[in-house]
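Participant: no FASTA, just this:
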């Protein structure tokens, strides 16, 4: 058994050579011959330019794809948003965005499953399959380069530690090969985090037991090669050596020419429907915001709330400096209004005990005699 990440087939060389030859013939031909060539190209793609024996065009799957899009939009629109104090009346818009992120991934899975029917050699498994993460497989993948694991096959019933659910398992019966696919609407959210590496580890570990699992659970379906591929729906630059494929390269995984173009058209149509839905919801939210009452004026309750948060401000006596002091006797002279002559603004016997804030300050002491530390539930039950 061979475990590897998927690679681009060598047919690309033939395609390039044929394209170059066609270009030279096109330049050398006459005007009438050019017109005939263009007409012929519209009618049927030359077999020399095709990399795979099977071909699909969007009109062939348009009806099925329209049904998938309608179902996805209906589920997105029927979602019940949870009230959120921060988002306020924009919570519906945020709920739609979250639903789109989830439903797009499901839409891609269903579309690939439909396209795979064009190739009769393919079997697609996608019903919430849980592949066991055998402990020995995890240790083997974590401690070795996956290229060194060729020929290693593990028992799917060996002791496991959790499971992995792939989005799709595609089996090519003619070539006895299988692909474990994980479709992502976009890998941009993964960034430089370790989540992508953890996903690859789970996929490679599950790939090591997949031949035994297929044989035991799928009516003795046998494969000799297993490839893992994380498919980026946004079609950013791929890295086949690391198991990352762009959705625009799905032709080579399914061995069906035109599959990537169909997926691109599907995403474009789905995007237009989603944007219409978001625009309508955003307009409703803006209209609702315009109908809101103005901000209420400051009331006694608002003042009371401010008092509870920041305390009551207490007056501080103002101290005046006298400029009429004479000699060492410090005679302030008649009519002096400084603090020493006028007297303190506070009674000598007033220690602030009648002020609730002062009472609260006196009750606080640090450090406390006893500190309780424990789990939050214990403290709440106390």
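Facilitator: Done, it's in. In this text, all values refer to a predicted model and were calculated from it rather than measured experimentally.

Participant: Domains in the chain, by residue range?
Facilitator: Using automatic domain parsing, the domain parsing of the chain gives 2-6+51-283, 309-381.

Participant: Dump the ones you listed into TSV; add mean neighbour count and mean pLDDT as well.
Facilitator: (Each C-beta comes from the backbone N, C-alpha and C, glycine too.) Below are the domains of the chain laid out as TSV (neighbours: other Cβ atoms under 10 Å; pLDDT from 0 to 100):
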stretch	mean neighbour count	mean pLDDT
domain 2-6+51-283	17	91
domain 309-381	9	53
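
Participant: I'd say residue 233 and residue 108 touch.
Facilitator: Yes - the pair residue 233 / residue 108 is scored as a contact, 5.5 Å apart, by Cβ atoms under 8 Å.

Participant: Mind listing the shared neighbours of those two?
Facilitator: 183, 185, 247, 267 (Cβ atoms under 8 Å, 6 or more residues apart in numbering).

Participant: Am I right that the first one is in a strand?
Facilitator: Meaning residue 183. Yes - counting by DSSP: H, G, I helix; E, B strand; the rest coil, residue 183 is part of a strand.

Participant: mind checking how far it is from residue 124?
Facilitator: Separation of residue 183 from residue 124 (Cβ to Cβ, to the nearest Å): 12 Å.

Participant: what do the two both touch?
Facilitator: The contact lists of residue 183 and residue 124 share 112, 168, where a contact means Cβ under 8 Å, 6+ apart.

Participant: Just give me the closest of the shared contacts of residue 233 and residue 108 to residue 279.
Facilitator: Nearest to residue 279 among the shared contacts of residue 233 and residue 108: residue 267, at 18.2 Å, using Cβ to Cβ.

Participant: Return the residues in contact with the closest one.
Facilitator: Neighbours of residue 267 in contact, by Cβ under 8 Å, 6+ apart: 104, 108, 233, 247.

Participant: Show me the two of those that sit farthest apart.
Facilitator: Pairwise over those, using Cβ to Cβ, the maximum falls at 104 and 247, 11.3 Å.

Participant: hang on, the earlier thing: among the contacts of residue 267, which ones are in strands?
Facilitator: Using DSSP state E, no member of the contacts of residue 267 sits in strands.

Participant: Can you verify my assumption that residue 55 contacts residue 254?
Facilitator: No - with contacts counted by Cβ under 8 Å, residue 55 stays clear of residue 254, the gap being 11.4 Å.

Participant: any common contacting residues for those two?
Facilitator: By Cβ under 8 Å, 6+ apart, the residues touching both residue 55 and residue 254 are residue 118.

Participant: Dihedrals phi and psi, residue 244?
Facilitator: phi -110, psi 120 (degrees, to the nearest 10).

Participant: ok, now how distant is it from residue 230?
Facilitator: Residue 244 is 5 Å from residue 230, by Cβ to Cβ.

Participant: Mutual contacts of the two, please.
Facilitator: residue 187.

Participant: Residue 219 falls within a strand, correct?
Facilitator: No - under three-state DSSP, residue 219 sits outside any strand and is assigned coil.
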